[in-house]
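In: Mind looking at a prediction? Sequence and model below.
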Amino acid sequence: MTLGTDMNKERILVWDLPTRLFHWLLAATFAGAWLTAESERWRDVHVALGYTFAGLIAFRLAWGFIGSRHARFSSFVTGPGPVKRYLASLLLFRPEHHVGHNPAGGWAVLALLGLGLATAASGYAVHAEFAGHWLEELHEGVAEAMLALVFVHIGAVVVSSLIHRENLARAMWTGFKRGSSADAIRRKRWVAAGALLALVAGIWTAALQGALR
Amino acid sequence: MNIFLLIMAAALALPALAADPASLLAGYQAEARKADAAFAASARRGEHFFTATHGGEWSCASCHGNPPDGAGRHAKTGKTIAPLAPGADPQRFTDAARSEKWFGRNCKDVLGRVCTSAEKADVLAFLLKRRS
């Protein structure tokens, strides 16, 4: 974690390919599940998206332990102290700069993963008819909470991008940011990215064959 | 009026959310009479409505079956659906909010719009006539 006053900045790789693939696939899957939620006509697509969503989160949890530097939970999950300090630095217009996730963002990542798991698990329980009405309400409730947090996340990305004068959304797409070479990761991790794509392809093959009912 | 009494009143009103099919039917019928004072729910009309595709692909019976006192089958996923008629499944139409929610979802799938209170009253009259 370097401070933003570092002058010799170059274009460095920060987000590995699996992390970026996960991020955009999760966003697309969540949007798709939201759009297919209201109609029975799309029920099978909604269910397939739910399995995909759960598979993506399972991958990300594993990647949080074996992934590259900035993707690891150990690099961005902090106690409340750094989160308070970071938020205070924003309020004082002297924002701390973090190459990876900032401490508040780290908490948001955990909350999004947690709500995502709860959404997928409750959706599975609804579809398997483990219980009635209250499960439907729970599934809708956690999905709505996740959507609310997604909007907070998007808002925070916009604000942080403006404050730090760096396009964070583009960095999550290309993997590159400006920073000191000491903070760069070396490899894009193509193999793990391929494994993630194979996982998603496997889920969709199973869904199309009617194995995920 | 103190706040405690208000809360007590609200708490006492809560059990009213738990409904039975006949009172739901009466509620929809009363609602329909605001538009047409002569309206009376009809099981025959309800059956016709339930089995018609209304210009679309599905009818209510596409998933709930006809007669609806047997198990239905989801037209998309093939999953078994518990019988819709309260005579076959006493859990049906005992929760007003749930009934409203599923009328809302399923009417959009079948008709491409929400159902009117008159249509819901007719369908309930039909379902209540079906005894297994």
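Out: That came in fine, so what should we check first?
In: where exactly do the strands run in chain A?
Out: A:10-13, A:176-179 (DSSP state E).
In: Which positions within the last one qualify as buried?
Out: The one in question is strand A:176-179. Of all the residues in strand A:176-179, those buried under the rule 16 or more other Cβ atoms under 10 Å in any protein chain shown are A:Lys177, A:Gly179. Any C-beta I mention is one placed from the backbone N, CA and C, and that applies to glycine too.
In: Show me what it is packed against.
Out: strand A:10-13 (3 or more Cβ pairs under 8 Å, 6 or more residues apart in numbering or on different chains; DSSP states H and E).
In: Okay, buried residues for the strand it packs on please.
Out: Buried residues in strand A:10-13 (16+ other Cβ under 10 Å): A:Ile12, A:Leu13.
In: now it, how far from the chain's geometric center?
Out: Distance, stretch centre to chain centre, for strand A:10-13: 22 Å (Cα atoms, centre = their mean, to the nearest Å).
In: Show me what that strand is packed up against.
Out: Partner elements for strand A:10-13 (3+ Cβ pairs under 8 Å, 6+ apart): strand A:176-179.
In: Partner strands of the strand it packs on, with direction?
Out: Within its sheet, and counting by DSSP bridges, strand A:176-179 is paired with strand A:10-13 (antiparallel).
In: Which residues does the partner strand contact?
Out: Strand A:10-13 is contacted from outside by A:99, A:175-181, A:183-186, A:188, using Cβ atoms under 8 Å, 6 or more residues apart in numbering or on different chains.
In: What of stretch A:136-149?
Out: By Cβ under 8 Å, 6+ apart, stretch A:136-149 touches A:30, A:33-34, A:37, A:108, A:111-112, A:115-116, A:118-119, A:122-123, A:125-126.
In: Write out the residues of chain A neighbouring chain B.
Out: A:Glu38, A:Ser39, A:Glu40, A:Arg41, A:Trp42, A:Arg43, A:Asp44, A:Val47, A:Gly132, A:His133, A:Arg213 (Cβ under 8 Å from any Cβ of the partner chain).
In: Please, a ChimeraX command that selects the buried ones among those?
Out: ChimeraX command restricting the residues of chain A next to chain B to the buried ones, with burial defined by 16+ other Cβ under 10 Å:
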select /A:40,42,43,44,47
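In: Among the residues of chain A next to chain B, name the ones in helices.
Out: A:Arg43, A:Asp44, A:Val47, A:His133 (DSSP state H).
In: what comes up buried for the strand or helix carrying B:Arg98?
Out: Element membership for B:Arg98 (DSSP states H and E) is helix B:96-111. Buried residues in helix B:96-111, defined by neighbour count with 16+ other Cβ under 10 Å: B:Ala96, B:Arg98, B:Ser99, B:Phe103, B:Asn106, B:Cys107, B:Lys108, B:Asp109, B:Val110, B:Leu111.
In: Please see if it touches chain A.
Out: Yes. In terms of Cβ under 8 Å from any Cβ, part of helix B:96-111 sits within range of chain A, namely B:Arg98, B:Arg105, B:Asn106, B:Lys108, B:Asp109.
In: tell me which residues of the helix or strand immediately after that helix in the chain are tucked away?
Out: Counting by DSSP H and E, the next helix or strand C-terminal to helix B:96-111 is helix B:117-129. Residues of helix B:117-129 classed as buried: B:Ser117, B:Ala118, B:Glu119, B:Lys120, B:Ala121, B:Asp122, B:Val123, B:Leu124, B:Ala125, B:Phe126, B:Leu127, B:Leu128 (neighbour count, 16+ other Cβ under 10 Å).
In: Tell me the helix or strand right after the helix or strand of chain B with the lowest mean pLDDT.
Out: Lowest mean confidence among the helices and strands of chain B (mean pLDDT, DSSP states H and E): helix B:3-13, at a mean of 55. Where DSSP H and E defines the elements, the next helix or strand beyond helix B:3-13 is helix B:21-35.
In: What residues does chain B have near chain A?
Out: Near chain A, when you scan chain B using Cβ under 8 Å from any Cβ, you find B:63, B:74-79, B:91, B:95, B:98, B:105-106, B:108-109.
In: With distance to A:Tyr86 added, can I get the residues you listed in CSV?
Out: Output for those, formatted as CSV (distance: Cβ to Cβ, whole Å):
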residue, distance to A:Tyr86
B:Cys63, 51
B:His74, 48
B:Ala75, 51
B:Lys76, 47
B:Thr77, 46
B:Gly78, 51
B:Lys79, 47
B:Gln91, 51
B:Asp95, 46
B:Arg98, 44
B:Arg105, 43
B:Asn106, 48
B:Lys108, 45
B:Asp109, 47
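In: Okay then, goodbye and thanks.
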